[in-house]
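J.: Mind looking at a prediction? Sequence and model below.
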Amino acid sequence: MTAAIKITADGTVTQVDLGVDVLAGMYREIGCQLVERVGVTADLDLWVDEEGLLVAAPEPKGAATAFVTSLLAEGQRLRQYFYGTALLVAHTDSGDPTALLEGYLPRARAAGAVFGTV
């Protein structure tokens, strides 16, 4: 069982269970066939649709972009924006997905509140 925070295009933030087959869970929750990992912190990854920019009328992922921006140190700049549904997944030192760190959920909800329903 691997927990994740799901941030949808409208800013809705929920905690989801990716199940035993984490990759299949990511495909299901994001609604895609290819996922891309974006390292956010030493223990947190953002997973997005690899083809998110190629779909018709992609929606900017304001909440995920706002969340990642909130983690940047002063003076750092965001180098990319995120589109569609995103998943935040914590990982171990070896890179394996692990139980989500609860401290990230309130921050993700705050970022989602700026863009829609939480």
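T.: Yes, it's here.
J.: rest of the way, CA atoms for contacts and neighbours
T.: OK.
J.: Against L54, how distant is L87?
T.: With distances taken as CA to CA, to the nearest Å, L87 is found 19 Å from L54.
J.: pLDDT weak spots in the chain?
T.: Per-residue confidence for the chain (pLDDT under 70) gives these ranges: 1, 55-63, 71-76, 78, 95, 97-102, 111-118.
J.: between L87 and L54, which one's more packed in?
T.: Each of L87 and L54 has its neighbours counted (other CA atoms under 10 Å); L87 has more, 26 against 9.
J.: for the strand or helix carrying that one, packing partners?
T.: In the assignment (DSSP states H and E), L87 maps to strand 86-90. Contacts defined by 3 or more CA pairs under 8 Å, 6 or more residues apart in numbering; DSSP states H and E place strand 86-90 against strand 3-7, helix 22-30, strand 44-49.
J.: Can you lay out these as TSV showing distance to H91?
T.: Formatted as TSV, the helices and strands packed on strand 86-90 follow (distance: least, CA to CA, whole Å):
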stretch	distance to H91
strand 3-7	11
helix 22-30	12
strand 44-49	6
